[in-house]
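> Need the 3D shape of this:
(2 chains)
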2 protein chains.
Amino acid sequence: MKATVYVTIKQSVLDPQGNAVQGALHSMGFEEVGKVRVGKYLELELDTTDRAEAEERLKAMCEKLLANTVIEDYRFELN
Amino acid sequence: MKATVYVTIKQSVLDPQGNAVQGALHSMGFEEVGKVRVGKYLELELDTTDRAEAEERLKAMCEKLLANTVIEDYRFELN
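Have a look, this model is predicted:
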């Protein structure tokens, strides 16, 4: 089973990396760019066939390691 | 218009960050985790209504700044 995890900074938290990207794009002439938010994207291969269990385990991985839930949100998809 | 950009390391390129995440997950008891690849996920607000132009401009942003096309692939979605 393949899992895709998206980790994003919460809307209420400042994103200095996003601001830096926005500034760089502006200075390169991409003036139409408004707010930029930068997050992480992970692809994991899971050696399991039980979808419900995989979801439960993925949730635990996100909470314990992949996302800092104080400042980040996460969501995942299973294929 | 809102754009979502996914930047991933090419399959032929080593991903040490992904290997580190895999090792950490294994040591935490998530033995079912196989290969892990870590990429970037960006959300951009674009002040434009022309979809075709937005795609063209986004492609340029990816090629010039957001992705290192020697070692990374990118794809984007426009909403």
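> can you list the weak-confidence ranges in chain A?
Chain A contains no residues with pLDDT under 70.
> Tell me which residue of it is positioned farthest from its centroid.
Here the centre of chain A is the reference, and by CA atoms, centre = their mean the most remote residue is residue A:29, at 27.2 Å.
> quick check, that residue in a strand?
No - looking at residue A:29 with DSSP: H, G, I helix; E, B strand; the rest coil, it is coil, so not inside a strand.
> Which positions in the longest strand seen in chain A come out as buried?
Counting residues, the longest strand in chain A under DSSP state E turns out to be strand A:33-46. Within strand A:33-46, the residues that qualify as buried by neighbour count (16 or more other CB atoms under 10 Å in any protein chain shown) are A:33, A:36, A:37, A:38, A:39, A:40, A:41, A:42, A:43, A:44, A:46. Placement of C-beta: from N, CA and C, glycine included.
> Also stretch A:71-79?
Neighbour-count burial for stretch A:71-79 flags A:72, A:74, A:76 (criterion: 16+ other CB under 10 Å).
> where's the first one relative to residue A:62, distance?
Here the distance between residue A:72 and residue A:62 works out to 9 Å (CB to CB, to the nearest Å).
> and residue A:69, what does it touch?
Residue A:69 is in contact with A:62, A:63, counting by CB atoms under 8 Å, 6 or more residues apart in numbering or on different chains.
> And it, its phi and psi?
phi -70, psi -10 (degrees, to the nearest 10).
> Can you get me the start-to-end distance on stretch A:24-37?
By CA to CA, to the nearest Å, the extent of stretch A:24-37 from end to end equals 13 Å.
> That stretch and chain B, are they touching?
Yes - for stretch A:24-37 and chain B, the contact criterion (CB under 8 Å from any CB of the partner chain) is met by A:24, A:25, A:28, A:30, A:32, A:33, A:34, A:35, A:36, A:37.
> With stretch A:11-21 instead?
Yes - between stretch A:11-21 and chain B, judged by CB under 8 Å from any CB, the touching residues are A:18, A:21.
> what residues does that stretch touch?
The list of residues contacting stretch A:11-21 from outside it, by CB under 8 Å, 6+ apart, reads A:9, A:35, A:36, A:37, A:38, A:71, A:72, B:42, B:65, B:66.
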